[in-house]
Every structure is written in structure tokens, then in C-alpha cells.
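> I would like to see how this sequence folds:
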Amino acid sequence: MTALLEIKGVMVHFGGLTALKDVNLAVSAGEVLSVIGPNGAGKTTLFNVITGRVRPSLGSVVFRGQAIQREAAFRIARMGIVRTFQKTEVFGALSLVEGVLAGALARGDPDPETRAREALESVGLQEKAHLRADQLPYGDQRLLEIAQALAAMPQVLLLDEPASGMNHQESAHIVRLIGQLRTKGFAIVLVEHNMHVVMTISDRVMVLNYGETIAEGRPAEVRADPRVIEAYLGVQKTDARAG
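The predicted structure follows:
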């Protein structure tokens, strides 16, 4: 399967700190790749490199066969690489449909309101389209941010901890939503600390630690990897085999 997005030998230095070291990644249309790792492992930096917020010191970002690591962030978004953020970013004073319109307008959609309402329906918020964003509970605000990304018609969707702070029912909805989105042909790259979400929805899992990839493979393979257990999962090996 041809990769839609590839990261090749990416290194990022901030002064004397190496945030990413020779990181490689590939994801195809309809695939869900989760990136996990402890705090400070380089996950957010990786997303920032992909979306043009940080330029790599070495290496390349290739989208649909084109190197884009020197492109401006707004151009990368217009190409179809769209992200959400760990800290929810919504337009609190606007109605849901007004806030989501921004994503549709950014891509020059000829019927932005229809696109916005379709995005809200995709995440299950169509009945609340008239409400102000700051009237929503936290879980719905997380869904609204995904709707904003969907309105921009992504080909690659980067989700930064979409289940963060959610209860079990809300997390289950996120799993169902990601499963639905993958059928639309999106390539989805997910950063998430909720291991149930990661292990349920991912085709592959990549583990970062101190900016380096220490494991990559199918969820069950990664979960059983001793390096992952030691660096991230924080459980004894006997516990990992039992569970």
C-alpha cells in the first residue's frame, strides 16, 4: 500500500536538546497509526513538524510524493493535512456552525455552511449547531474541534489526545468516530495516552522515547515489547503477559 504521508529521517534540535532523532513514519489512506510515549517523548514536536509549525533540522516530510517540510503551515493545511490540539481550541463566542465554518472557508469550499453542518453531523453535534461553543460540556468541545478539522476536508487527520479527560462512554464514542472516519479514506495519526483507545482502534502503534522510535508494530506486538513496558507502560513484565 502506497503511503500518503511519510516522515524520513527527521531530526529536530532545540539548542542543545535533541527533540527528535532519526524518526521515520509512514501512513496510508484508511489507516490509523497511533504514536505513544511518555511526556516529553517528542510526540507534539512530531505533529508540529508534519504541520509546518517546526522545521526539521534534518530529514523530510513527504505528502503524496511531494516534500513539504519547507512549506508554510497554512499551505500544508490547505494541502489536506489537518490537526487538532491537546488543549481544546474552539471559538467559544460563536455558535457551533459558525465556528466550524472557519475550516470550510479555509479550503475555499463553495458551500461552506453545508460542509460545516455535515462535519457537525459526523461527530454527532448536529442537534446543538445553534449553541455557543462555550455552552458545551468538555467532551462535546473535543468533538467540536474534530468537526472543525473535518470541515477543512483533510486527507491526513492528526488527532492530539482526542480522548483526554473523557469518561469511558465519551472515549467509546471517540473510538467509534475514528472507526467511521477511516472508512472515508482518511489517513489518521493519533497521539493518545488512553491505552484502551489506542489498542482498540490502531492498525499500528509507534512508540517514542526521548525523541527516538523504540518500537513499532501491531498493537499486541507493541504492548508486549519489553522496551515499551519499561519506558512507557510502567508495569512489570509478568503483569503485561497476564493482561
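> Mind listing residues that contact the helix or strand hosting Leu33?
Secondary structure from DSSP states H and E places Leu33 in strand 32-36. Where contact means Cβ atoms under 8 Å, 6 or more residues apart in numbering, the residues beyond strand 32-36 that reach it are 25, 27, 43, 46, 178, 182, 187-193, 195, 198, 201-208, 219, 232. Just so you know, the C-beta spots here come from the backbone N, C-alpha and C atoms, and that holds for glycine as well.
> same check, this time on stretch 207-224
Stretch 207-224 has contacts (Cβ under 8 Å, 6+ apart) with 12, 18-24, 34-38, 40-43, 45-46, 195, 198-199, 202-206, 225, 227-228, 231-233, 240-241.
> Restricted to helices, list these.
Counted as lying in helices by DSSP state H, out of those, are Lys43, Thr45, Leu46, Met195, Val198, Met199, Arg227, Val228, Ala240, Arg241.
> Could I have the buried ones of those residues as PyMOL selection syntax?
The following PyMOL line selects those of the ones in helices among the contacts of stretch 207-224 that are buried, judged by 16 or more other Cβ atoms under 10 Å:
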select buried, resi 43+45+46+198+199+228
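> Just the buried ones among the contacts of strand 32-36, please.
25, 27, 43, 46, 178, 182, 187-193, 198, 201-202, 204-208, 219, 232.
> and the residue most central in space within the chain, bridged to which residues?
Among the residues of the chain, the one closest to the centroid is Leu159, at 2.1 Å (Cα atoms, centre = their mean). Beta-bridge pairing of Leu159 under DSSP bridges involves Leu190.
> same question, Phe14
Applying DSSP bridges, one finds that Phe14 bridges with Leu17.
> What's the local residue count around it?
Around Phe14 there are 11 other residues, counting by other Cβ atoms under 10 Å.
> what do you get for Gly30?
Applying other Cβ under 10 Å, we find 16 residues neighbouring Gly30.
> residues touching it, list them.
Here Gly30 is in contact with Arg182, Thr183, Gly185, Phe186, Ala187 (criterion: Cβ under 8 Å, 6+ apart).
> Check Leu120 too.
Applying Cβ under 8 Å, 6+ apart to Leu120 gives the contacts Leu96, Val97, Val100, Gln126, Lys128, Ala129, Leu144, Ala147.
> Can you tell me which of these end up in helices?
Leu96, Val97, Val100, Leu144, Ala147.
> In contact with the residue lying closest to the last one once chain neighbours are set aside, which residues?
Read that as Ala147. In space, and not counting its chain neighbours, Ala147 is closest to Ala119: 4.3 Å by Cβ to Cβ, 6 or more residues apart in numbering. By Cβ under 8 Å, 6+ apart, the contact list for Ala119 reads Val100, Gly103, Ala104, Ala147, Gln148, Leu150, Ala151.
> Between the residues you listed, which sits nearest Arg78?
The shortest gap between Arg78 and any of those belongs to Gly103, at 11.2 Å (Cβ to Cβ).
> so what pLDDT did that closest one get?
If you check Gly103, the pLDDT there is 69.
> same thing with Met195?
According to the prediction, Met195 has pLDDT 89.
> Relative to Val205, how far out is it?
Here Met195 is placed at a distance of 10 Å from Val205 (Cβ to Cβ, to the nearest Å).
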